[in-house]
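Q: here are the coordinates; sequence isn't available:
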């Protein structure tokens with residue numbers, strides 16, 4: 001397909017495209033990586049007026065039980081009913097369970113979508129595929145490996161500031177972190193992973209600085225030498241590929257030498273009362289770091305804060321005995337006061353019960369603090385906050401006193417960037433098993449909503465390196481109640 005047929009550009013953009021083609025002297029072999037990146041970013045520049053300039057995704061991986069949190073069912077049969085009481089919130093008629101007591105106080109800032117569903121065969125029992133679905137907004141298994149939503153945002157919009165990566169996953173240490181991918185995009189658009197635990201008093205982001213013994217002046221000299229060597233390639237295809245890589249190197253150099261980069265990741269610069277409000281454990285400090293990165297200018301932040309078994313709380317080491325895998329996959333003993341390692345148990349071993357501190361206790365505190373903090377700082381005006389999970393849990397308790405995967409209905413929560421607060425969207429039956437409202441939304445619709453909030457025009461495709469057109473959230477439509 002000729003370049004001119006791929007994208008309709010404004011006159012100014014068309015002049016820029018032609019100037020680029022003149023400079024690059026396209027060979028008869030077609031577009032190189034550098035050409036492709038230029039055209040894609042130029043096309044994206046004509047996107048729609050955004051409601052959000054940044055996005056903060058709180059990915060609570062493992063399948064949070066909606067019945068025990070956002071969508072209480074006090075009239076369910078007693079043998080399957082959640083033991084947690086239903087409570088009022090700041091919004092009349094909007095009710096959560098008592099596991100969200102602190103979050104109930106910020107309900108007027110939230111839209112709870114209780115009619116999420118995920119009917120794609122083969123994904124409901126796969127956490128890696130479910131995670132990939134949430135991160136990319138498209139069911140895995142298609143003809144191309146789809147990039148994360150954050151990677152697309154990085155490609156289309158770039159960074160807010162040059163000294164921070166546009167796409168960050170923190171900490172990116174659990175077993176599903178590998179589900180995060182740039183897909184068919186260049187690796188430079190992959191999520192930057194912070195690693196480690198922000199609750200560790202000694203925690204620092206690795207590789208955010210020059211190696212010891214390498215002064216900044218010498219580093220700059222080496223970078224200039226590399227550019228000079230690449231400049232000797234002339235107008236060859238290798239030169240154009242080198243030009244694309246240099247844009248990534250410039251950002252990397254700025255990250256390594258700019259003190260503002262290190263300040264963005266420095267939790268110790270936060271007042272102690274702010275840190276304590278979020279909670280001084282792994283999840284609380286991860287949520288706080290997410291807010292710091294948004295405030296510092298990261299375009300797209302994903303927080304995936306599974307509590308480590310060997311963790312820190314209040315600056316001191318803590319070991320959650322039996323907590324070998326502390327995500328939300330509560331197949332066993334979901335209401336345990338400690339670990340879920342029941343005799344003859346199943347896939348749910350290695351967690352703590354949903355009502356314990358490392359699970360909903362820390363989540364309720366951190367989420368409520370985040371929403372209140374971002375609102376007070378004015379960050380909710382142009383930041384879309386999304387609380388998401390792969391699926392929900394079964395309306396029936398199984399023989400191991402746990403709840404299994406459930407894709408027929410579950411809940412997502414949104415705030416900021418024009419989302420109307422104090423709103424419940426959709427409804428489920430008295431057991432929380434099936435959607436009873438006329439509205440039901442897919443993960444694809446969630447992705448379409450994020451792209452729409454960011455002002456990206458989904459009617460225009462992005463292209464694979466082999467010139468295959470790919471439309472964003474092609475099977476989804478924006479959730480109207482979020483606009």
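A: Nice, I can see it. Just so you know, these numbers come straight off a predicted model, no measurement behind them.

Q: low-confidence ranges in the stretch 151-300 of the chain?
A: 207, 209-257 (pLDDT under 70).

Q: wouldn't residue 146 be in contact with residue 133 here?
A: No. In this structure residue 146 lies outside contact range of residue 133 using C-beta atoms under 8 Å: 9.4 Å. For the C-beta atoms, the positions are set from N, CA and C on the backbone; glycine is no exception.

Q: can you list residues touching both of these two?
A: residue 140 (C-beta atoms under 8 Å, 6 or more residues apart in numbering).

Q: could you look up the SS state of the most centrally placed residue in the chain?
A: Nearest residue to the geometric centre of the chain (C-alpha atoms, centre = their mean): residue 302, 3.0 Å. State at residue 302, reduced to three classes by DSSP: H, G, I helix; E, B strand; the rest coil: strand.

Q: swap in the one 10 residues further on?
A: Three-state call for residue 312 (three-state DSSP): strand.

Q: where do the strands of the stretch 351-483 of the chain begin and end?
A: 383-388, 392-393, 405-406, 410-415, 423-425, 462-463, 469-470 (DSSP state E, counting those that start in this stretch).

Q: pairing partners for the first one, with directions?
A: What that stands for is strand 383-388. The strands beside strand 383-388 in its sheet (DSSP bridges) come out as strand 54-59 (parallel), strand 410-415 (antiparallel).

Q: same question for the third one.
A: For strand 405-406, the pairing partners within the sheet under DSSP bridges are strand 392-393 (antiparallel).

Q: secondary structure class for residue 201?
A: coil.

Q: doesn't residue 312 make contact with it?
A: Yes. Using C-beta under 8 Å, residue 201 is in contact with residue 312, at 7.0 Å.

Q: and those two? Which one has more around it.
A: residue 312 (20 against 12; other C-beta atoms under 10 Å).

Q: can you show me the helices along the stretch 101-250 of the chain?
A: Ranges of helices within the stretch 101-250 of the chain are 127-136, 149-157, 216-231, 237-257, based on DSSP state H, counting those that start in this stretch.

Q: can you check the stretch 351-483 of the chain too?
A: Using DSSP H, counting those that start in this stretch, helices in the stretch 351-483 of the chain cover 362-376, 443-453.

Q: how far does the longest one sit from its chain's centre?
A: When you say that, I think you mean helix 362-376. With C-alpha atoms, centre = their mean, to the nearest Å as the basis, helix 362-376 stands 17 Å off its chain's centre.

Q: and if you look at stretch 343-362?
A: 23 Å.

Q: okay, the residue nearest to residue 73 when sequence neighbours are not counted: pLDDT?
A: Excluding the flanking residues, the one nearest residue 73 by C-beta to C-beta, 6 or more residues apart in numbering is residue 432, at 4.7 Å. pLDDT for residue 432: 98.

Q: wait, what's in contact with residue 432?
A: By C-beta under 8 Å, 6+ apart, the neighbours of residue 432 are 66, 67, 71, 73, 76, 392, 395, 409.

Q: now, which of those sits nearest residue 172?
A: residue 392 (24.4 Å; C-beta to C-beta).

Q: can you report how many residues neighbour that closest one?
A: Around residue 392 there are 31 residues (other C-beta under 10 Å).

Q: now the residue nearest to residue 73: how far from residue 125?
A: 19 Å (C-beta to C-beta, to the nearest Å).

Q: looking at the strands of the stretch 351-483 of the chain, which is closest to residue 450?
A: Per C-beta to C-beta, nearest to residue 450 of the strands of the stretch 351-483 of the chain: strand 383-388, 6.6 Å.

Q: can you give me the buried ones in that closest one?
A: Going by neighbour count (16 or more other C-beta atoms under 10 Å), the buried part of strand 383-388 is 383, 384, 385, 386, 387, 388.
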